[in-house]
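Q: sequence below, structure please.
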Amino acid sequence: MKFSYTILYVKDVTHAVAFYERAFNLKQRFIHESGQYAEMETGGTTLAFASNELARSNFPQGFQENNYISDFIYFIPEVFWNWAF
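A: Prediction:
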């Protein structure tokens with residue numbers, strides 16, 4: 001089995017992309033013209049961001065909406081923590 005794809009639903013896709021470029025030195029592979037979906041260059045696994053709005057349309061039964069990326073960046077040094085919010 002190969003882990004090849006992760007989509008993180010975020011409040012602001014372009015902000016998430018900018019954060020990951022700055023914090024982890026990742027490069028943007030693709031961003032949809034709507035700004036609601038983007039992918040990062042990470043090697044063998046695709047890291048994608050999709051907007052909460054897109055998630056609402058994909059999961060009509062509902063989903064746990066997050067507030068940007070606060071649920072999973074607690075391990076970032078304070079300089080990035082302050083930049084992200």
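Q: which stretches in this structure count as helices?
A: Listed in chain order, the helices of the chain (DSSP state H) span 13-24, 52-58, 78-84.
Q: return the set of buried residues in the longest one.
A: For helix 13-24, a neighbour-count test (16 or more other C-beta atoms under 10 Å) marks 13, 16-17, 19-20, 23 as buried. C-beta here means a position set from N, CA and C on the backbone, and glycine is covered the same way.
Q: likewise stretch 40-47?
A: Buried residues in stretch 40-47, counting neighbours by 16+ other C-beta under 10 Å, are found at 40, 46-47.
Q: confidence-wise, which of the residues you listed comes last?
A: Lowest pLDDT among the buried residues of stretch 40-47: Thr46, with 87.
Q: rewinding a little: so of the buried residues of stretch 40-47, which ones are in strands?
A: In this view, the buried residues of stretch 40-47 that belong to strands under DSSP state E are 40, 46-47.
Q: need those residues in JSON lines (columns: distance to Gln61).
A: As requested, these are arranged in JSON lines below (distance: C-beta to C-beta, whole Å):
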{"residue": "Met40", "distance to Gln61": "28"}
{"residue": "Thr46", "distance to Gln61": "25"}
{"residue": "Leu47", "distance to Gln61": "25"}
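Q: farthest residue from the center of this structure?
A: In the chain, counting by C-alpha atoms, centre = their mean, Met1 sits farthest out from the average C-alpha position, at 23.6 Å.
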